[in-house]
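S.K.: Give the three-dimensional model of this entry:
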Amino acid sequence: MTLVQLEYIIAVDTYRSFVAAAEKCYVTQPTLSMQIQKLEESLGVKIFDRSRQPVVPTEIGEKILEQARTVLTESKKINELLQTEKGELTGELRIGVIPTVAPYLLPAVISNFLKKHDKLKLQIWEYTTEQIVQELKLGTLDCGLLSTPIHDSSINEIPLFYETFVAYVSEKSSLYQKKILSAEEIADEKLWLLNEGHCMRGQVLNICNYKHNQSKEGSFDYNTGSVETLKRMVDLNGGMTILPELSISNYDEDQLQNVRYFRAPEPVREISIVTPQNYVKKQAINLLKNEILQLVPDRFKTKRKKEVMGFAL
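M.R.: Have a look, this model is predicted:
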């Protein structure tokens, strides 16, 4: 049994295809298949059911794959120990970020981080929370940046900050005349929301136990994954939306006229770095954490007089 063979079976499990796994491992498909067959022969069991498409692990194969992931994770810690000893930070860090965080936080974080650690390659994907959790479990991401808690015992959460939710209100709305809002006051307002599948949608609905219903003011639902589109819909069609505060950091004075804060306890979302429970690249992830904390406002770093909005995956 070799580490390479374990890498190959994990690749097949991840991509559910011998051809795709070979491409990701940069070997020919016959080479990969031969090594997996050798491993199966040495163990005396079949790890994959090749009669099904896409290929799936057998019952014993699932247990072997779980242990293989643990073995590979532990083996990678040897290189991490050596890097720490030498004071180096090399290799790559694969990060998944939810779309409602990425454009408002990452550009500055990436710029500052790479200036300090230019030998480390960052690979970043925008995914939904559910996708990030799945990729972490498969081992195709090292960490994620998303809203928590997610209530998954296999995922480690490192809370970073608590971002305030604010209302963006049309000039046509009766709420425009108010300087500060309560959750109850927005319950009957036309509210523009993100698509199903975005955790922020659930958090916004939880702010006021809002039941989404556009029927009294229109015959359509507009489905979007973009915070910027929500703001634009309010400008053109009235009503209101709820935005994370970092998204308004570049608003001009005219746009800020439409922003309203909530009474205490202010609704917030907890933003965390998430990893598998047994994870590697701890030095790089800790440096990423410190870089983020340097960039967010100090008032985001406490939960005092705030209420963390939950959501369901």
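
S.K.: Which residue, other than its chain neighbours, is closest to Leu93?
M.R.: In space, and not counting its chain neighbours, Leu93 is closest to Ala284: 4.8 Å by Cβ to Cβ, 6 or more residues apart in numbering. C-beta: built from backbone N, CA, C; applies to glycine.

S.K.: show me what contacts the one you found?
M.R.: Ala284 is in contact with Leu89, Gly91, Leu93, His117, Leu120, Asp142, counting by Cβ atoms under 8 Å, 6 or more residues apart in numbering.

S.K.: So what's the predicted local confidence for it?
M.R.: Ala284 is assigned a pLDDT of 92 by the prediction.

S.K.: Go through the contacts of Ala284 and name the one nearest Thr128.
M.R.: Ranked by distance to Thr128 (Cβ to Cβ), the contacts of Ala284 are led by Asp142 at 17.9 Å.

S.K.: State the number of residues packed around that closest one.
M.R.: 23 (other Cβ atoms under 10 Å).

S.K.: That one against Lys282, yeah?
M.R.: No. Using Cβ atoms under 8 Å, Asp142 is not in contact with Lys282; the gap is 9.9 Å.

S.K.: list the contacts for Thr84?
M.R.: Taking Cβ under 8 Å, 6+ apart, we find Thr84 in contact with Gln283.

S.K.: what secondary structure does it sit in?
M.R.: Assigned state for Thr84: helix (three-state reduction, DSSP: H, G, I helix; E, B strand; the rest coil).

S.K.: What spatial separation is found between it and Tyr251?
M.R.: Counting by Cβ to Cβ, to the nearest Å, the gap from Thr84 to Tyr251 is 42 Å.

S.K.: can you check Leu295 too?
M.R.: Taking Cβ to Cβ, one finds Leu295 at 18 Å from Tyr251.

S.K.: how about the strands in the protein?
M.R.: If DSSP state E is used as the criterion, the strands of the chain fall at 48-49, 56-57, 91-97, 120-126, 143-148, 155-169, 180-181, 191-192, 240-244, 259-262, 266-276, 306-308.

S.K.: Present the ones you listed as TSV; the columns should include distance to Leu105.
M.R.: What follows is those, written out as TSV (distance: least, Cβ to Cβ, whole Å):
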stretch	distance to Leu105
strand 48-49	40
strand 56-57	37
strand 91-97	8
strand 120-126	11
strand 143-148	8
strand 155-169	9
strand 180-181	25
strand 191-192	22
strand 240-244	10
strand 259-262	19
strand 266-276	8
strand 306-308	18
